[in-house]
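J.: sequence below, structure please.
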Amino acid sequence: MDKKDYLDISKASDLKNSKERRLYRFFEIIPAFLSLGTLFGVLIFSWMLPSYVAIFIICFCFYYLFRIFYFSIQQIVGYFRVKSHMKRNWLKELKGKDWKNIYHVIILPTYKEGKEIIEESIETLIESDYPKEKMIVVLAVEARAGKIFEEQANNIAKKYSGKFYKFLVFVHPDNVAGEIGGKGSNTAYAGKEVKEKIIDQLKIPYENILISTFDIDTKIFPQYFACLTWYYLTEKNPEKASYQPVPVYNNNIWSANFFSRVVSTSNTFWQMIQQERAEKLTTYSSHSTPAKVFFEVGYPANVVQDDSRIFWRAYLYYDGNYRVVPIYYLVSMDAVQAKSFWRTALNQYTQQKRWAWGCAEIPYIMFGFLNNKKIAVWHKAGHLFTILDGYWSWATAALLMFLLGWLPILLGGQKFNFTVLSFNLPILTGQIMTVGMTGMFVSAILSTMLLPPVPKTMKWYVRWFKKSTVFVQWVFLPVTLILFGSLPALDAQIRLMLGKYMGFWVTEKIRK
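T.: Reported below is the predicted structural model:
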């Protein structure tokens, strides 16, 4: 198979060869098979072999206790690195380096978001310290959103056209063959348009351009592009890397529901942990890619999980000679918020399911590794273990720790229930989880240190209540991890196993 062919796969049916198609379908089944096999195995063997399951659960709890301590240390280290990076004067750091020729293309894909949300993000670009004459801003509009949103984009372009080197609006056509309508296809189209109509016509060298693909609600802090440029200019072989900042969800954090705050904060800390493990880091949400990679590898237009797929495409395209450079600098986005509590909960679940659809990378990577013989076997094994363990843990860990630990006692029968192991199982697992709560306290403390001030527009008693619930909300972490972690992850994996492929769902964004 040609290299280009397997890079473009989005699902098994894309393959013409029946043998390859069956193999890819087998790979698509693996994530759900591992997760469901674990959960049903614990259920069945709690009845048949309760002693062995009890030992497994105890070992599992100890394993996760170790992970909690390990991740807590990385979380703390990551936090202090972020605080240090946010304080540094990155324009001053750039002195002595040839940085004034570096252009930044910022692609902002939008669907039906309101003018207020779009302009808030653009204003942060204007307020940044990086020279605006080196910024090309692209507002990427979906034709399927309707003429009213195209007109809105053109009005925004008129307002900001003189603020940057270029401010462009491109309208992504609807129902393009081979595409999935969503952020990825919109971004890919905008990238091609800006290349043909601006970059190539002006003959700007690709090595002097970084392309940032942002969610429409992404707000940058003033030194972001200076920091990004510094990393690009000081990195060895910079055109073989993507650049990943740390996302926080602070835009609307004080008006979001408690479970949205817990989910978004947990996501931030997981990303901070991943930053400490750069060899396992992939691109996520808002990130930056060298123009040469963006145009040569091709931004994915046929998948839901475009933010991670661009990394894996590049990794396979360059035969493993590609990486993600962690940038310990923040970008801020919206926590999930809707007009009612229950709609917010539904949107939160749906967003998590869309993120969990990243499990579709597992068959893509497996098939790609089989076809690419140039990547070292140990590198393949390391990446496969990381991604399999990540999605397996996402789907099963919370259920195993908080719900299924009692199954051997409930199903093991009278013979098992009179054993010493049966008596000590709930005591031991409870003690392990109690010690493990230290990780929750670390997250709770650090989360308050990353929060922006409570808006003064809120009444004093509302501000007091919001601050007082910051720690209390973490009590709901176990329930949150199950409802907005394990369940949507299982949902996504089962859909992949059954071939019920997901389309792109746009998270509703509102301002209260």
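J.: can you map out the helices along the stretch 301-450 of the chain?
T.: Secondary structure of the stretch 301-450 of the chain (DSSP state H, counting those that start in this stretch): helices at 306-317, 341-356, 361-371, 377-402, 407-411, 413-417, 420-450.
J.: mind listing what's buried in the third one?
T.: Pointing back at helix 361-371 there. E361, I362, P363, Y364, I365, M366, F367, G368, F369, N371 (16 or more other CB atoms under 10 Å). C-beta coordinates here come from the backbone N, C-alpha and C atoms, glycine included.
J.: among these, which one lies nearest to V442?
T.: The closest of the buried residues of helix 361-371 to V442 turns out to be E361 (CB to CB; 29.1 Å).
J.: partner strands of the longest strand along the chain, with direction?
T.: In the chain, assigned by DSSP state E, the strand with the most residues is strand 323-332. Its sheet considered, strand 323-332 pairs with strand 219-220 (antiparallel), strand 241-248 (parallel) by DSSP bridges.
J.: quick one: closest of those to I73.
T.: Among the strands paired with strand 323-332, strand 241-248 sits nearest to I73 (CB to CB), with 16.9 Å.
J.: what angle separates that closest one from helix 420-450?
T.: 90 degrees (axes from the mean of the first three to the mean of the last three CA atoms, to 10 degrees).
J.: what's the most buried one of the helices of the stretch 301-450 of the chain?
T.: With neighbours taken as mean count of other CB atoms under 10 Å, those reach their highest mean count in helix 306-317, at a mean of 23.
J.: just the buried positions in whichever strand or helix holds R21, please.
T.: Assigned by DSSP states H and E, R21 belongs to helix 18-48. Neighbour counts over helix 18-48 (16+ other CB under 10 Å) mark 20, 23-25, 27-28, 30-32, 34-36, 38-39, 42, 45-46 as buried.
J.: rewinding a little: ok, and what's touching the longest strand of the chain?
T.: By CB atoms under 8 Å, 6 or more residues apart in numbering, the residues outside strand 323-332 that reach it are 78, 81-82, 84-86, 214, 218-221, 223-224, 227-228, 231, 235, 240-251, 274-276, 278-279, 281-283, 286-287, 311.
J.: looking at these, which are in strands?
T.: K219, I220, A241, S242, Y243, Q244, P245, V246, P247, V248, H287.
J.: which of those residues sit farthest apart?
T.: Top of the distance list for the ones in strands among the contacts of strand 323-332 (CB to CB): K219 and A241, 24.2 Å.
J.: so where's this protein uncertain?
T.: The model of the chain has pLDDT under 70 over residues 1-3, 404-405, 412-413, 415-418, 420-421, 423-424, 436-437, 460-461, 512.
J.: distance of the closest residue to A157 other than its chain neighbours from W394?
T.: In space, and not counting its chain neighbours, A157 is closest to V169: 4.9 Å by CB to CB, 6 or more residues apart in numbering. According to CB to CB, to the nearest Å, V169 stands 38 Å off from W394.
J.: ditto for Q493
T.: Taken as CB to CB, the span from Q493 to W394 is 9 Å.
J.: now E28
T.: E28 is 17 Å from W394, by CB to CB.
J.: at which residues are the helices of the stretch 151-300 of the chain located?
T.: 183-194, 200-202, 224-234, 258-275, 291-297.
J.: among the ones you listed, which is the most enclosed?
T.: helix 183-194 (a mean of 24).
J.: between helix 306-317 and that helix, find me the angle.
T.: Using the same axes, to 10 degrees: helix 183-194 against helix 306-317 is 70 degrees.
J.: touching, A256 and S264? I think so.
T.: Yes: if you go by CB atoms under 8 Å, A256 and S264 touch, sitting 7.4 Å apart.
J.: so what sits against both of these two?
T.: Counting by CB under 8 Å, 6+ apart, the residues touching both A256 and S264 are Y249, A335, V336.
J.: who's in contact with F476?
T.: F258, F259, V262.
J.: L400 versus that one, what's the distance?
T.: From F476 to L400 the distance is 19 Å (CB to CB).
J.: how about T419, nearest residue that isn't a chain neighbour?
T.: S51 (7.1 Å).
J.: the one you found reaches I409, doesn't it?
T.: No: counting by CB under 8 Å, S51 stays clear of I409, with 11.4 Å between them.
J.: and the gap between A153 and K159?
T.: On the measure of CB to CB, A153 and K159 end up 11 Å apart.
J.: look at those two and report which has more neighbours.
T.: A153 (23 against 13; other CB atoms under 10 Å).
J.: and that one, how close does it get to V137?
T.: Going from A153 to V137 by CB to CB gives 12 Å.
J.: next: K147.
T.: When K147 is compared with V137 (using CB to CB), they lie 22 Å apart.
J.: mind checking the SS state of the residue nearest to T419?
T.: helix (DSSP: H, G, I helix; E, B strand; the rest coil).
J.: neighbours of it, how many?
T.: Residues near S51, counting by other CB under 10 Å: 16.
J.: any chance you could give me stretch 452-467 in CSV, C-alpha atoms only?
T.: This file holds the C-alpha atoms of stretch 452-467, laid out as CSV (Å, rounded to 0.1, in the frame of the first residue of the first chain):
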residue,chain,number,x,y,z
PRO,A,452,-9.3,34.0,37.4
PRO,A,453,-10.9,36.5,39.8
VAL,A,454,-14.6,36.3,40.2
PRO,A,455,-16.3,38.9,38.0
LYS,A,456,-17.1,42.1,39.9
THR,A,457,-20.4,42.3,38.0
MET,A,458,-21.7,39.4,40.2
LYS,A,459,-23.3,40.4,43.5
TRP,A,460,-21.1,40.0,46.6
TYR,A,461,-23.0,37.0,48.0
VAL,A,462,-22.9,35.3,44.7
ARG,A,463,-19.1,35.8,44.6
TRP,A,464,-18.8,34.5,48.1
PHE,A,465,-20.9,31.4,47.2
LYS,A,466,-18.9,30.7,44.1
LYS,A,467,-15.6,30.9,46.0
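J.: so what touches it?
T.: For stretch 452-467, using CB under 8 Å, 6+ apart, the contacting residues are N250, I253, W254.
J.: from these, pick the one nearest D8.
T.: Using CB to CB, the contacts of stretch 452-467 come closest to D8 at N250, 36.8 Å.
J.: if I look at that closest one, how far off is H104?
T.: Noted for N250: a distance of 23 Å to H104, by CB to CB.
J.: tell me which of those two has more neighbours.
T.: Ranked by neighbour count (other CB under 10 Å), N250 and H104 place H104 first, with 25 against 22.
J.: can I take it that the more buried one is in a strand?
T.: Yes: counting by three-state DSSP, H104 falls inside a strand.
J.: list the contacts of the spatially most central residue of the chain.
T.: When CA atoms, centre = their mean is applied to the chain, the residue found nearest the centroid is Y284 (4.1 Å). Neighbouring residues of Y284 by CB under 8 Å, 6+ apart: Q244, P247, Q271, D307, S308.
J.: for E120, helix, strand, or coil?
T.: Strictly by three-state DSSP, E120 counts as helix.
J.: check whether it really touches K219, as I assumed.
T.: Yes: in terms of CB under 8 Å, E120 counts as a neighbour of K219; the distance is 6.5 Å.
J.: number of nearby residues for the closest residue in space to F295 that isn't next to it in sequence?
T.: Nearest residue to F295, sequence neighbours excluded (CB to CB, 6+ apart): K195, at 5.8 Å. Neighbours of K195 under the rule other CB under 10 Å: 19.
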